[in-house]
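A.B. asks: Whatever this is, show me its structure:
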Amino acid sequence: MTTNSLWGILASRLLQGLLVVFLVVSAVFFVSRVTRDPIAFLASDQSTQAEIEALKERFGLNDHVVVQYGRFLWDTVQLDMGRSLLNGRDALGEVSSRVVKTLQLGVASLLFAIVLGLSTGVIAALRRGRPADCLARLLAVFGQAVPDFWLGLMLIFFFSVELGWLPTGGSGSLKHMILPMITMGTFTSAAVMRLTRSGMIDAMDADFVRTARAKGLPERTVVVRHALRHALLPVVTILGIQAGRLIAGALVVETVFAWPGVGRLTIQAIGGGDFPVTQTAILLIAASIVLANIVVDLSYRLVDPRIRAGSA
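C.D. replies: Numbering: from 1, shown residues only. Take a look at the predicted model:
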């Protein structure tokens, strides 16, 4: 694959990603203004009409929605997302201060899902039809069927309330991350396991694996370097999708575990009618999902050499 074609693919994906982010943020802008009146949260019951009008003028709510939208797009291009309607702080700074916590939880959950999903998928494929395979498939069905919020509450009940091993929520130490990490990573690990198992079963019956064994290569080399690499392409695809889901899914998990990340902040901003913070958080989530998918598209050429050869 030539460097020019790689840059061409990257430019195309970036343009598509910018369009997706633009549509998502625009939808959030209009929907938030139709469903929420921020003045209801900003003004008290004793506020006079003059005070209400002053609030509208201060936050630019007297202008037509189209004018507000144009101003919003121009400010977004300049990374000026306005100020929170609830506390007056810079909206971008408010969201940015929570990004590190969300990334910590998201990366930990993704690593948990990769390690658990790949290992159980390979074991299930190599022991096809045996008890280990049946147990892995049962756990995969459970992992994909159970909602995040229910699993999180059950983990809190057993490991925090009943056993007292782990804290019920918050952040501050590694112990605080264990339960939300498991909650967020379980669904993804189940999907990775199922795809790894099916891919490994196909790969182990392929001609190139039989050829590798005929050459006398160790079984571990055959499994890891040949069969597993062949089975990774669909796994990489689902990981890209799930990486974005982990960030978006933090909305629920961070609320359940009182984790001080972007997800919890977004829920609070939506509940309080805080347009600037809500728009900034959704912009970040949409951009993260788009970036994850771009990375997946580019990683195909590293995982499977046939794609590089075909592109060239």
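
A.B. asks: Low-confidence stretches in the stretch 1-150 of the chain?
C.D. replies: Scanning the stretch 1-150 of the chain for pLDDT under 70 picks out 1-6, 32-47, 52, 55-56, 58-61.

A.B. asks: Show me the helices in it, by range?
C.D. replies: Ranges of helices within the stretch 1-150 of the chain are 3-35, 39-42, 49-58, 65-77, 91-126, 131-145, 148-155, based on DSSP state H, counting those that start in this stretch.

A.B. asks: Turn those helices into JSON lines, columns for distance to residue 255.
C.D. replies: Yep, even glycine has a C-beta here, placed from its N, CA and C like the rest. Output for the helices of the stretch 1-150 of the chain, formatted as JSON lines (distance: least, Cβ to Cβ, whole Å):
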{"stretch": "helix 3-35", "distance to residue 255": "19"}
{"stretch": "helix 39-42", "distance to residue 255": "19"}
{"stretch": "helix 49-58", "distance to residue 255": "28"}
{"stretch": "helix 65-77", "distance to residue 255": "26"}
{"stretch": "helix 91-126", "distance to residue 255": "12"}
{"stretch": "helix 131-145", "distance to residue 255": "21"}
{"stretch": "helix 148-155", "distance to residue 255": "8"}
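
A.B. asks: Look at residue 244 and report its pLDDT.
C.D. replies: The per-residue pLDDT reported for residue 244 equals 67.

A.B. asks: of the helices of the stretch 1-150 of the chain, which approaches residue 266 most closely?
C.D. replies: Nearest of those to residue 266, taken as Cβ to Cβ: helix 91-126 at 8.4 Å.

A.B. asks: Can I get stretch 201-219 in CSV, CA atoms only?
C.D. replies: The C-alpha atoms that make up stretch 201-219 are tabulated as CSV, following Å, rounded to 0.1, in the frame of the first residue of the first chain:
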residue,chain,number,x,y,z
ILE,A,201,-12.6,-22.4,14.4
ASP,A,202,-12.5,-21.4,10.7
ALA,A,203,-8.8,-20.6,10.8
MET,A,204,-7.8,-23.9,12.5
ASP,A,205,-9.4,-25.8,9.6
ALA,A,206,-7.7,-23.6,6.9
ASP,A,207,-5.0,-24.9,4.5
PHE,A,208,-2.3,-22.4,5.8
VAL,A,209,-2.7,-23.8,9.3
ARG,A,210,-2.2,-27.3,8.1
THR,A,211,0.8,-26.2,6.1
ALA,A,212,2.3,-24.5,9.2
ARG,A,213,1.8,-27.7,11.2
ALA,A,214,3.3,-29.8,8.4
LYS,A,215,6.5,-27.6,8.6
GLY,A,216,6.9,-28.7,12.2
LEU,A,217,6.1,-25.3,13.8
PRO,A,218,5.2,-25.4,17.5
GLU,A,219,1.5,-25.5,18.3
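
A.B. asks: hmm, who's touching that stretch?
C.D. replies: Defining contact as Cβ atoms under 8 Å, 6 or more residues apart in numbering, one finds that stretch 201-219 is touched by 125, 126, 128, 221, 222, 226, 227, 228, 230, 231.

A.B. asks: Residue 12 versus the second one, what's the distance?
C.D. replies: In this structure, residue 126 and residue 12 are separated by 39 Å, where distance is defined by Cβ to Cβ, to the nearest Å.

A.B. asks: neighbour count winner among these two?
C.D. replies: Taking other Cβ atoms under 10 Å, residue 126 and residue 12 do not tie; residue 126 has more neighbours (17 against 12).
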